[in-house]
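J.: what follows is a protein structure lacking sequence information:
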């Protein structure tokens, strides 16, 4: 990786990509090239021979009205460019037009430390280019951070008020990139509760395509990731670009095809109802965006994102650390539990080989259903005789670690906290709040609220031997109003900054506690949360058929090790479908593994099978933590699901295949990612073959019925 600057031309070279910009004759920073790696001389050729044709001439009388054909690096507003802008800066007279010109640059070691927000860490170099607005006393610094170990380029913007008067940021996107033609399709991850991250692909036509969340969280419905696919792009072939926000709040990603055929892609904080005051000397920092170019299809894109998130976002203390195999009591008991019911689960779990027992919702306050108690983070010792320590002691005596569920951002109206501080709930006096799951949300824009939750959760963690925390968030924001904010346009972003502050303080104060994120399942599965939580509950839907689709979509841009995946009871509590214990475990093994059922109700044969499943998972865990993903067959074809993990050294591999629609004949599955010249033993089939044969000819699979599956392990045969 290197960054060069020569005569106002800037070139960033990664392992397999080049990103280039230049300052044109009129002083505007222009995008030149983003794609397969080329030489600096090729960049100069592009700029001199092609770049000038993509923009008007500065001596043209109509130059000011032709900015909307220029491939600018950060879009300005209302002065000849009619495309969606990257930034809107409103001055005290109400004027907001802008025109951003190049001012200076510098190159620094490392990634910027984006204080208060998740961000890339560990190494890299950063090119910082400063632009000055011609119409306001505002400077914008564009950051470009490149790394040696992955083909991901991280961008964001810093907006500085260098004048005396306050300005209002009405929009502040993180970055803007220009693709020179329209031969692209837009892939985004859509869905709903229990059906998260379904890939949806549409051709980009003239106008604006947009994905967004206005829920205060990245949401079940829309994920802060988009891929832009050249025609012909498939799993392991073709060209595409990825755009992934390192952010967990309300967001927006847009793709705008102009009348000249070029496509502008940008995104960041959602600008709906956004307005941020910048006083004299104030600086606003936007969330980071991880860009990735792939000439090896979606598979190469995914593997680069997985490497980037593991090496530069997820906590280095936990990213490769073996994950606890947990058993969670939620679907076993829901709210209806006492000491004896929990003891039965704990005692049986020990015999199965489980590492950690996690006590879910219902252990605190007056919490026997979902109508009360949230916010009262005190142990209900009437429900748990002797308090939490009786359960923890039972775990310790049996050799288990103990984990606990919290929902730190929530409050019940029937709670001591609400009775004492009703104003701490988000809402406006005189307006009935919108409710969901019988709860409201705490106003995390207020420091005293964050401090209260920090103290309450810390007290529980200090007074008890807890090694695992499940952090839940079961409803979206709705009433975007804080009683203490002067400027309500800052509410949504300040809320997520409060969440980040709490997560940062808790994870630093309790470095030996493993934190898992959750938001009613997968409602906040994003790169921002992965900065604090090394794994996230992938979805409340644990049905092995539905999970094959959810995990497939999630794998497009997130590490497999970040997906918390549990085997649950059948008939499944979300869908009513019955699938074999073997298949449920095979699908769940493609992530951080665990169980969500009552082991005391299992037959002896099932208990024996679970013991083997846990042993198998631990044997293969290094592949889940450190390997590469190859998606072999999509469950969205309605016929089969197949994913493969391959070790970095190509010495081992894991294949999970689920038949979604029964096959009466033998089936061939072609593998990927192996070393063509190595000979592999397929342990379960007793077959030895070269990597070349396994990838070009394939593996035979016997006929399978609906939802039947196989798990295959490969290792290089001893010579």
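T.: Yes, it's here. Since the model is a prediction, treat every value here as computed from it, not as a measurement.
J.: which parts of stretch 276-285 are buried?
T.: For stretch 276-285, a neighbour-count test (16 or more other Cβ atoms under 10 Å) marks 276, 278, 284-285 as buried. (Each C-beta comes from the backbone N, C-alpha and C, glycine too.)
J.: and what of stretch 688-696?
T.: 689-691, 693-695.
J.: any idea of the mean pLDDT in that stretch?
T.: On average, the pLDDT along stretch 688-696 is 98.
J.: and the contacts of it?
T.: Applying Cβ atoms under 8 Å, 6 or more residues apart in numbering, the contact partners of stretch 688-696 are 650, 670-672, 674-682, 697, 714, 717.
J.: do the same with stretch 355-362
T.: So stretch 355-362 is contacted by 324-330, 334-335, 337, 342, 345-346, 349, 367-368, 370, 383, 388, 391, 395, 400-405, 407, 467-468, 470, 472 (Cβ under 8 Å, 6+ apart).
J.: any chance of the buried residues of stretch 688-696 in TSV, plus secondary structure?
T.: Putting the buried residues of stretch 688-696 into TSV (DSSP: H, G, I helix; E, B strand; the rest coil) gives the following:
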residue	secondary structure
689	strand
690	strand
691	helix
693	helix
694	helix
695	helix
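J.: output the longest strand belonging to this structure.
T.: strand 167-179 (DSSP state E).
J.: packing partners for that one?
T.: Contact here means 3 or more Cβ pairs under 8 Å, 6 or more residues apart in numbering; DSSP states H and E; on that basis strand 167-179 packs against strand 29-36, strand 87-90, strand 152-161, strand 240-246, strand 263-269, strand 276-278, strand 288-294.
J.: direction included, what does that strand pair against?
T.: strand 87-90 (antiparallel), strand 263-269 (antiparallel), strand 276-278 (antiparallel) (DSSP bridges).
J.: distance between the longest one and the chain's centre?
T.: Strand 263-269 has its C-alpha centroid displaced from the chain centroid by 17 Å (Cα atoms, centre = their mean, to the nearest Å).
J.: got the angle between it and strand 152-161?
T.: 70 degrees (axes from the mean of the first three to the mean of the last three Cα atoms, to 10 degrees).
J.: contact partners of strand 263-269?
T.: For strand 263-269, the external contacting residues (Cβ under 8 Å, 6+ apart) are 75, 83-84, 86, 172-179, 181-182, 184, 204, 224, 226, 228, 241, 243, 245, 247, 249-258, 286-287, 289, 492-493.
J.: then the shortest one?
T.: Residues external to strand 276-278 that are found in contact with it (Cβ under 8 Å, 6+ apart): 138, 159-161, 166-169, 172, 284, 487, 489-490, 493.
J.: domains in the protein, by residue range?
T.: 2-312, 327-625, 633-716 (automatic domain parsing).
J.: quick one, which of those domains is nearest to residue 318?
T.: domain 327-625 (4.1 Å; Cβ to Cβ).
J.: where does this protein dip in pLDDT?
T.: 50-66, 664 (pLDDT under 70).
J.: so for it, the centremost residue is which one?
T.: With distances taken as Cα atoms, centre = their mean, residue 526 lies nearest the centre of the chain, 1.9 Å away.
J.: mind listing what that residue touches?
T.: Residue 526 neighbours (Cβ under 8 Å, 6+ apart): 218, 223-225, 245-248.
J.: contacts only, for the closest residue to residue 283 other than its chain neighbours.
T.: Excluding its sequence neighbours, the residue lying closest to residue 283 (Cβ to Cβ, 6 or more residues apart in numbering) is residue 160, at 4.9 Å. Shown in contact with residue 160 (Cβ under 8 Å, 6+ apart): 138-141, 278, 281-284.
J.: related to what we said a few turns ago, mind putting the helices and strands packed on strand 167-179 in CSV, distance to residue 542 included?
T.: Shown next, in CSV, are the helices and strands packed on strand 167-179 (distance: least, Cβ to Cβ, whole Å):
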stretch, distance to residue 542
strand 29-36, 40
strand 87-90, 43
strand 152-161, 31
strand 240-246, 26
strand 263-269, 32
strand 276-278, 40
strand 288-294, 29
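J.: in three-state terms, label residue 187 for me.
T.: strand.
J.: circling back to that earlier point, for the buried residues of stretch 688-696, which one is nearest residue 131?
T.: So of those, ranked by how close each gets to residue 131 (Cβ to Cβ), first place is residue 695, at 48.0 Å.
J.: how near is that closest one to residue 12?
T.: In this view, residue 695 and residue 12 are 33 Å apart by Cβ to Cβ, to the nearest Å.
J.: so what's residue 96 up against?
T.: 77-78, 88-90, 170 are the contacts of residue 96 under Cβ under 8 Å, 6+ apart.
J.: most neighbours of all these, which one?
T.: The residue in these with the most neighbours, by other Cβ atoms under 10 Å, is residue 89 (27 neighbours).
J.: who's that one bridged to?
T.: Applying DSSP bridges, one finds that residue 89 bridges with residue 169.
J.: residues in contact with it?
T.: So residue 89 contacts 77, 96, 98, 133, 136, 138, 159, 167-170 (Cβ under 8 Å, 6+ apart).
J.: ok, now with 10 Å
T.: Applying Cβ atoms under 10 Å, 6 or more residues apart in numbering, we find residue 89 in contact with 76-77, 95-98, 100, 133, 135-138, 140, 159, 161, 167-172, 278.
J.: can you select the buried ones from those in PyMOL?
T.: Of these, the buried ones go into a single PyMOL selection, burial set by 16+ other Cβ under 10 Å:
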select buried, resi 76+77+96+97+98+100+133+135+136+137+138+140+159+161+167+168+169+170+171+172+278
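J.: how about the closest residue to residue 436 other than its chain neighbours, secondary structure?
T.: Once flanking residues are discounted, residue 436 sits nearest to residue 475: 4.0 Å by Cβ to Cβ, 6+ apart. Under the three-state scheme (three-state DSSP), residue 475 adopts coil.
J.: what of residue 299?
T.: Assignment for residue 299 (three-state DSSP): helix.
J.: I figured it hits residue 646, correct?
T.: No: assessed by Cβ atoms under 10 Å, residue 299 is found out of contact with residue 646, at 11.1 Å.
J.: identify the contacts common to those two.
T.: 628-630, 672-673.
J.: could you pull out the buried residues of stretch 377-392?
T.: 377, 379-380, 383-384, 387-389, 391-392.
J.: quick check: the spatially closest residue to residue 6 that is not a sequence neighbour vs residue 427, distance?
T.: In this structure, residue 6 finds its nearest non-sequential neighbour in residue 40, 7.5 Å apart by Cβ to Cβ, 6+ apart. Using Cβ to Cβ, residue 40 is found at 57 Å from residue 427.
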